[in-house]
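>>> model this:
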Amino acid sequence: GESDGRFSASLSHSGLAQPLIEPEIAFRLRSRPPVTRDPEELLRHIEWMAHGFEVVQCHFPGWKFAAADAVADGGLHGSYIVGPRRRIPRRDPNVKALAAALGSFTITLLKNGEPAAGGGGANVLDSPLNALAFLIETIEGLPGHPPLAAGEIITTGTLTKALPVAAGETWSTRIEGLPLSDLELRFE
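Numbers count the residues shown, from 1 in each chain. Sure, this is the predicted structure:
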């Protein structure tokens, strides 16, 4: 829920193997995006964006594995928490500014209120929109693979280094330069 402008959630730590937390930007597609690197064109195909936490996990000791192992381990995904969504109008008059902000915003990841890592949109191929463009291009090059479609939610990759989490900890973010709510996640 919302408290003091920050979205709060809790997640059970039990059952997660060597969990790490990754703050990310997620997009929900309004329509099938074209193969393009034009950030403004990509934004026209995005219904909303949100800030989220991915909790990744690994069943291989010390996070030592090959690519095929990661696939066998479910892509290392443990859980995903999506914060409040910011709707992007189809004809958003601020599309140029929003595209620029996605590449330049900064984020601080805090553990129990203390800064633990910093980063931002530039850490994701210079912008989460570039990560989306790369995914679209990659899928387009796969024979017989369906393209991305309306309604799909795309997570774009971690904005900071991934850090280990433990039960009893509270992790939160401070975002500057992007109109999204900060998040708080307590591990039970």
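>>> who touches the spatially most central residue of the chain in this structure?
The centre of the chain sits closest to Glu24, judged by CA atoms, centre = their mean, with a distance of 2.4 Å. Counting by CB atoms under 8 Å, 6 or more residues apart in numbering, Glu24 touches His51, Gly52, Phe53, Glu54, Val124, Pro128, Thr155, Thr156, Gly157, Thr158, Leu159. Where you see a C-beta, it was placed from the backbone N, CA and C, and this is true even at glycine.
>>> Near Gln18, how many other residues are there?
Counted by other CB atoms under 10 Å, the residues lying close to Gln18 total 16.
>>> That one - nearest residue in space that isn't next to it in sequence?
Among residues not flanking Gln18 along the chain, Cys58 sits closest, at 5.1 Å (CB to CB, 6 or more residues apart in numbering).
>>> and that neighbour, that one's in a strand?
No: with DSSP: H, G, I helix; E, B strand; the rest coil as the criterion, Cys58 is coil rather than part of a strand.
>>> so what's the nearest residue to Arg174 once chain neighbours are set aside bridging to?
Of all residues not flanking Arg174 in the chain, Thr108 sits nearest, at 4.4 Å (CB to CB, 6+ apart). Counting by DSSP bridges, Thr108 is bridged to Gly118, Arg174.
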